[in-house]
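Visitor: I would like the atomic coordinates for the input below:
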Amino acid sequence: MATIPSIAMIPSGYKANKVYSVLPTDGSGDLDFARTTKATRVNQNGLIEEVAIDVPRLDYMDGSCPSLLLEKSSTNLITQSELFSNSYWTKSGATVTSGFSAPSVDSPLGAFKLVEGSNNGTHILIKNVGSADGTTNTFSLYAKKGERTHFNMYNGTSSVESSTFNLNDGTVINNGTSTSKIELISNGWYKCSVTSINKEKQANVFINDGTTINYQGDGTSGVYIFGSQMEAQSSATSYIKTEGTAITRTADSASKSGISSLINSSEGVLYFEGRTDDSNSTEKNVNLSDGGTQNELKLYFYATSINVTFNINGVNQFYANKTITIGDNYKLAVKFKENDFALWINGIEEVVDSSGIVGVQNLFNKINLSGFFSNTKDLRVYKTILSDAELTTLTTL
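Guide: Have a look, this model is predicted:
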């Protein structure tokens, strides 16, 4: 592309309280970052790794290229997330053995093997951490095949709501009204999660013989497990280790003020590549603004849609809304100029508006990702609009 962005944040470098932008090269577009607790990421070796307070997370969960991981605050309600041998966890028709290689920098031998008993029935690991309260909850666990290649997970007390995870091919089948997800981490380890609404916060893990959870066990076969988590969220967030008490990870924030020279409020393009896993009906937005809400361009995820609002003096000049699939990767671009607005998604101009005013040239002076809970692979600001050909190239997956 011939047009060069004024700001290009393609995750590559960071230090405490700072995310470096590739452009501009003088550092004036680097983002200020904050988080008041430690947190974890998946590093370039596919291992879960804890990072310090106020250190940004370049996360490799999606592959060889990192994303800037920004998450909302969340609490792991399971207070013994790794020590499955503890009496905190109930074992029925099953036992656990420790000391196995785990997908973790900080607990390299922290995995357990969940071993089926020799009984004819179920082989289960259970922990009840709270009653049903009308909220959405997500139970997640890291698992790797052993002699058994399948296992089941569910929240609540009814096994008909379980999801069956295939650790051979990384597929999952929902057996009830819950939703589930499986993601490969590294070395055969998968992050598995089940999300349920208004179910008892009971974490259930069943070994499955490939057909059923009720079968004659041999007393030695099983699956490997690591890192359990129960959250009052609509999806699983990054791993939060606990050792006897519930632990909260606070929200990430990233923004940069005083950059009116890098943002042309009278025309330009805001571009984003990445995804969000959060389908809650709360805005997750990146915006260009004057520091308030009266004058701003806001690109945001809301429930299961992508949305755009462009406000000048508190009056909306452009609005767009398109349904998306939460968890998928998208390339999005918002073009704005007087009487020339558009939203591009994955190479297609989806929404067009040929009326509306824009701001004066130096009105916008801030880019803000605080609350933009996402995996950001690429974020750019252009000071002039791009041609349709350029936008097609920029946003095509």
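
Visitor: what residues are up against the residue nearest the centre of the chain?
Guide: Nearest to the geometric centre of the chain sits residue 277, at 4.6 Å (C-alpha atoms, centre = their mean). Contacts for residue 277 were tallied using C-beta atoms under 8 Å, 6 or more residues apart in numbering; they are 235-237, 326-327, 375. Just so you know, the C-beta spots here come from the backbone N, C-alpha and C atoms, and that holds for glycine as well.

Visitor: redo that, cut-off 6 Å
Guide: 235, 327 (C-beta atoms under 6 Å, 6 or more residues apart in numbering).

Visitor: Quick one: the strands in the stretch 101-250 of the chain, in order.
Guide: 111-116, 120-121, 124-130, 136-145, 150-155, 163-166, 171-174, 179-186, 189-197, 201-208, 215-216, 222-231, 247-249 (DSSP state E, counting those that start in this stretch).

Visitor: Redo those strands as JSON lines? Include distance to residue 54, mean neighbour count and mean pLDDT.
Guide: Output for the strands of the stretch 101-250 of the chain, formatted as JSON lines (distance: least, C-beta to C-beta, whole Å; neighbours: other C-beta atoms under 10 Å; pLDDT from 0 to 100):
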{"stretch": "strand 111-116", "distance to residue 54": "30", "mean neighbour count": "24", "mean pLDDT": "98"}
{"stretch": "strand 120-121", "distance to residue 54": "50", "mean neighbour count": "12", "mean pLDDT": "98"}
{"stretch": "strand 124-130", "distance to residue 54": "30", "mean neighbour count": "18", "mean pLDDT": "95"}
{"stretch": "strand 136-145", "distance to residue 54": "25", "mean neighbour count": "24", "mean pLDDT": "96"}
{"stretch": "strand 150-155", "distance to residue 54": "33", "mean neighbour count": "25", "mean pLDDT": "94"}
{"stretch": "strand 163-166", "distance to residue 54": "35", "mean neighbour count": "22", "mean pLDDT": "96"}
{"stretch": "strand 171-174", "distance to residue 54": "36", "mean neighbour count": "14", "mean pLDDT": "93"}
{"stretch": "strand 179-186", "distance to residue 54": "25", "mean neighbour count": "18", "mean pLDDT": "95"}
{"stretch": "strand 189-197", "distance to residue 54": "25", "mean neighbour count": "23", "mean pLDDT": "95"}
{"stretch": "strand 201-208", "distance to residue 54": "31", "mean neighbour count": "24", "mean pLDDT": "95"}
{"stretch": "strand 215-216", "distance to residue 54": "50", "mean neighbour count": "14", "mean pLDDT": "98"}
{"stretch": "strand 222-231", "distance to residue 54": "23", "mean neighbour count": "25", "mean pLDDT": "98"}
{"stretch": "strand 247-249", "distance to residue 54": "13", "mean neighbour count": "17", "mean pLDDT": "98"}
